[in-house]
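Q: this one's structure only:
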């Protein structure tokens, strides 16, 4: 699957999406956003895909933010539309129903950090640098960063990054909970595939609804979130996969998931 600025390779149940503009550190221009929408719409609809990896071409950047040349030409009205477009595409990635693992192999700044925030999990090489430096351009994050970052790492830590525009190391990102693991560069994609394969081996409906419970439940008061959990638990109890999973456990055999 090829697009102008992205590559997509599928191996078994795992898709790997690569931002492919290494000469400009995989900056996110309009064409790249269009490609992201197209690819993730297709992957979301493909029941054979159980997990998705996303990374950047080359070893210098995951994505070094928005294309500043494009951004410099944007006025107030167009800026709001630009932000809404980016938010919609990153929300598509976040809610595509498949775990998306960001493999951060260098700079993840501005929109690149926001792309990583929209993913389910984030792994970083020990050479990665992350940050939201939009204030240094007279802006704030426009693709969800001001909302997802405090939900992930807490308001205090998020405001420190947002207000200073500081760029932090992978180890600091791990310390504050911005990434899940830090690895040597040659271990980044292999480790991401290990995690993706572990996810692909379990019940796909359970995976989808686990993500749904967390994503929606975190924004609810605890009693409402617990009711959501119970409702999803009941829904899964009525599936073929639950019947298969429990019977396979009792039979001491590997389950044959159908996603139904």
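A: Received it, and whenever you're ready, just let me know what you need. What you are looking at is a predicted structure, and each value in this text was computed from that prediction instead of being measured. Residues are numbered from 1 along each chain as shown.

Q: For the rest of this, base every contact and every neighbour count on C-alpha atoms.
A: Fine.

Q: could you pull out the helices for the stretch 51-200 of the chain?
A: For the stretch 51-200 of the chain, helices defined by DSSP state H, counting those that start in this stretch occupy the ranges 68-71, 76-94, 111-117, 145-153, 155-164, 170-176, 188-200.

Q: any idea of the mean pLDDT for stretch 33-53?
A: The average pLDDT for stretch 33-53 rounds to 95.

Q: Using the three-state scheme, assign the closest residue to residue 8 other than its chain neighbours.
A: Distances taken as CA to CA, 6 or more residues apart in numbering put residue 17 closest to residue 8, at 4.5 Å, once the chain neighbours are dropped. Here residue 17 is recorded as strand under DSSP: H, G, I helix; E, B strand; the rest coil.

Q: hmm, back to that, which of the helices of the stretch 51-200 of the chain is buried the deepest?
A: When the helices of the stretch 51-200 of the chain are scored by mean count of other CA atoms under 10 Å, the highest mean neighbour count falls to helix 111-117 (a mean of 27).

Q: sorry, back to before: wait, which of the helices of the stretch 51-200 of the chain is closest to residue 221?
A: Closest of the helices of the stretch 51-200 of the chain to residue 221 is helix 145-153, at 14.5 Å (criterion: CA to CA).

Q: angle of that closest one against helix 76-94?
A: Helix 145-153 and helix 76-94 meet at an angle of 30 degrees, taking axes from the mean of the first three to the mean of the last three CA atoms, to 10 degrees as the criterion.

Q: Among the helices of the stretch 51-200 of the chain, which comes closest to residue 5?
A: Residue 5 lies closest, by CA to CA, to one member of the helices of the stretch 51-200 of the chain: helix 111-117, at 14.5 Å.

Q: what does that closest one contact?
A: If you take CA atoms under 8 Å, 6 or more residues apart in numbering as the criterion, helix 111-117 is touched by 27-28, 62-66, 90, 102, 104, 108, 122, 130-132, 141-145, 148-149.

Q: JSON lines for the helices of the stretch 51-200 of the chain, including distance to residue 7 and mean pLDDT?
A: Formatted as JSON lines, the helices of the stretch 51-200 of the chain follow (distance: least, CA to CA, whole Å; pLDDT from 0 to 100):
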{"stretch": "helix 68-71", "distance to residue 7": "22", "mean pLDDT": "77"}
{"stretch": "helix 76-94", "distance to residue 7": "16", "mean pLDDT": "92"}
{"stretch": "helix 111-117", "distance to residue 7": "16", "mean pLDDT": "97"}
{"stretch": "helix 145-153", "distance to residue 7": "25", "mean pLDDT": "96"}
{"stretch": "helix 155-164", "distance to residue 7": "31", "mean pLDDT": "97"}
{"stretch": "helix 170-176", "distance to residue 7": "25", "mean pLDDT": "98"}
{"stretch": "helix 188-200", "distance to residue 7": "15", "mean pLDDT": "97"}
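
Q: Spatially central residue for this structure, please.
A: Centroid-nearest residue in the chain, with CA atoms, centre = their mean: residue 119, separated by 1.1 Å.

Q: Return the per-residue confidence for the closest residue to residue 153 other than its chain neighbours.
A: Distances taken as CA to CA, 6+ apart put residue 177 closest to residue 153, at 5.7 Å, once the chain neighbours are dropped. On the pLDDT scale, residue 177 is placed at 97.
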